[in-house]
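S.K.: Model the structure of this input:
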Amino acid sequence: MSIDRIHAALLLEQCWHRVPGGTAVAAVELARAMARRDDVEVVGFSALHRGEPVIAPPEGIEIARLRLPRLLLYESWVRLGRPRVDRRCGHPDVVHATGGAVPATSAPLVATIHDLAWRHHPDHFTPRGRRMFEAWLEAAARARRVICPSEATAVDLADAGIPTERICVVPLGVDLRAAEPADVEALRTRHGLDGNVVLWVGVAEPRKNLAGLVEAMEAVPDAVLVLVGPPGWGVDVERLVAPLGDRVRIVGPVDDAQKRSWYSLADVFAFPSLLEGFGLPVLEAMAQGTPVVTSAGTATAEVVGDAGVLVDPTDSGSMAEGIRHLLDDGDAAGRLAAAGRTRAGTFTWDAVADQTVTVYRSALAA
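M.R.: Now for the predicted structure:
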């Protein structure tokens, strides 16, 4: 099927999640980049909500509200295969499940799966959560095309039985705007940071391996650890960081401009996650010219390529050595900062949209 202008319906329910995370950012930025194109007409859709979204959907994109609240809608999609989203979305040419839930539709379906973390670390999830993720994976397997952000996830999807010819790797993008120097210095003064700063950004959950990072930081006594991001689940952050005493700052959630400033302020960005579908914070740090320490053998290693220090995330000594190397060797840190910024420049949301439209056309032709 050849269509000059594709009418695409994108699930944007993630905007209303209590803790939206990287998957919500990915869905919104994809929709925003799509809206700039002439070959796609985008409509978003969500469950029924009384409150405002935590992350605002892109301006100019209509959001079709379905008539069921989230939990009932998700359950109905899984158990009954309805309500279909087609009529509420103006009978789109393609429906894109942008991550997580897979909607009921009679239109060609494209599904994004960021990771299969619940299979690697089942103890990090509730039994109900694992059942839900498995149901969504089963539904996504029926899609004409399955998008994932990394080769690591592509391997997991193939191992889960999805034919490789239907798996499409589309890496995420990043905001390349630089932080304002005045804002960076204001943060430094406000938080009393006059020495080395090691930064972590994310939603606290077990697979992020904050315990390992804190243990590593005990061996780096001349640096302060800064944690940025909303509260998560399964991790008592206050108790976890207690061994660091006054060498830690728990900042909490921040807006995008302040997040850029934190990345720019940091001497090292440390992200020793046990598993990621992509690892957007790593790319965000690189975009601000901050040298990165992250986990070998994971999707984040794909993101940094040769522009970061890779460590064993299960070995706090390895982590401490990687952080220490960048703090002590200014030349190495400078080289990796420059290489990271250059590499990040190739990860744009317009490129993500371009590759996604190519996937849509492939799905329509299947």
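S.K.: Next, count neighbours for residue 160.
M.R.: Neighbours of residue 160 under the rule other CB atoms under 10 Å: 16. Yep, even glycine has a C-beta here, placed from its N, CA and C like the rest.
S.K.: so it touches residue 137, yeah?
M.R.: Yes - taking contacts as CB atoms under 8 Å, residue 160 lies within contact range of residue 137: 6.4 Å.
S.K.: joint contacts of those two?
M.R.: residue 116 (CB atoms under 8 Å, 6 or more residues apart in numbering).
S.K.: pLDDT averaged over the lengthiest helix in the chain - what is it?
M.R.: Of all the segments of type helix in the chain, defined by DSSP state H, the longest one is helix 349-365. Helix 349-365 comes out with an average pLDDT of 97.
S.K.: now swap in stretch 219-228 and tell me
M.R.: 97.
S.K.: and it, which residues are buried?
M.R.: 220, 223, 224, 225, 226, 227, 228 (16 or more other CB atoms under 10 Å).
S.K.: tell me which of the residues you listed is nearest to residue 247?
M.R.: residue 224 (5.1 Å; CB to CB).
S.K.: shouldn't residue 283 be in contact with residue 349?
M.R.: No - using CB under 8 Å as the test, residue 283 is too far from residue 349 to be in contact (11.3 Å).
S.K.: Between the two, which contacts overlap?
M.R.: With CB under 8 Å, 6+ apart as the test, residue 283 and residue 349 both reach residue 174.
S.K.: re earlier: can you spell out which helices and strands pack onto the longest helix of the chain?
M.R.: strand 6-11, helix 21-35, strand 40-46, strand 94-97, strand 109-112, strand 145-148, strand 167-169 (3 or more CB pairs under 8 Å, 6 or more residues apart in numbering; DSSP states H and E).
S.K.: now the helices for this structure?
M.R.: With DSSP H as the criterion, the chain has helices at 21-35, 70-80, 117-120, 127-140, 151-159, 181-190, 210-217, 237-241, 256-265, 280-287, 299-304, 316-328, 330-344, 349-365.
S.K.: Roughly how far does the residue nearest to residue 161 when sequence neighbours are not counted sit from residue 9?
M.R.: For residue 161, ignoring the flanking residues on the chain, the nearest one in space by CB to CB, 6 or more residues apart in numbering is residue 141 at 6.8 Å. Distance, residue 141 to residue 9, by CB to CB, to the nearest Å: 20 Å.
S.K.: Neighbour count: these two, which is higher?
M.R.: Ranked by neighbour count (other CB under 10 Å), residue 141 and residue 9 place residue 9 first, with 26 against 17.
S.K.: Distance to residue 14 added to the buried residues of stretch 219-228, as JSON lines?
M.R.: As requested, these are exported to JSON lines (distance: CB to CB, whole Å):
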{"residue": "220", "distance to residue 14": "35"}
{"residue": "223", "distance to residue 14": "34"}
{"residue": "224", "distance to residue 14": "32"}
{"residue": "225", "distance to residue 14": "29"}
{"residue": "226", "distance to residue 14": "26"}
{"residue": "227", "distance to residue 14": "23"}
{"residue": "228", "distance to residue 14": "20"}
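S.K.: May I have the residues that are in contact with residue 307?
M.R.: Contacts of residue 307 by CB under 8 Å, 6+ apart are 286, 292, 336, 339, 340, 342, 343.
S.K.: The nearest residue to the second one once chain neighbours are set aside: how many residues sit nearby?
M.R.: It stands for residue 292. In space, and not counting its chain neighbours, residue 292 is closest to residue 308: 3.8 Å by CB to CB, 6+ apart. Residue 308 has 26 neighbours, counted by other CB under 10 Å.
S.K.: where in the stretch 1-150 of the chain is pLDDT low?
M.R.: The model of the stretch 1-150 of the chain has pLDDT under 70 over residues 1-2.
S.K.: Go again with 50.
M.R.: In the predicted model of the stretch 1-150 of the chain, no residue satisfies pLDDT under 50.
S.K.: tell me how far the ends of stretch 230-248 are from each other?
M.R.: For stretch 230-248, the first-to-last residue distance is 16 Å (CA to CA, to the nearest Å).
S.K.: Tell me which residues are up against that stretch.
M.R.: By CB under 8 Å, 6+ apart, stretch 230-248 touches 19, 124, 202-206, 208, 210-211, 214, 217-218, 221, 223-227, 250, 252-253.
S.K.: picking up where we left off before, closest one to residue 102 out of the buried residues of stretch 219-228, please.
M.R.: residue 228 (31.5 Å).
S.K.: For that closest one, which residues are in contact?
M.R.: 199, 200, 201, 251, 252, 253, 254, 259, 262.
S.K.: So how do I select the buried members of the residues you listed in PyMOL?
M.R.: When burial is assessed using 16+ other CB under 10 Å, the buried subset of the contacts of residue 228 is captured in PyMOL by this command:
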select buried, resi 199+200+201+251+254+259+262
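S.K.: Which of the contacts of residue 228 fall within strands?
M.R.: 199, 200, 201, 251, 252 (DSSP state E).
S.K.: Please consider this matter closed, and thank you.
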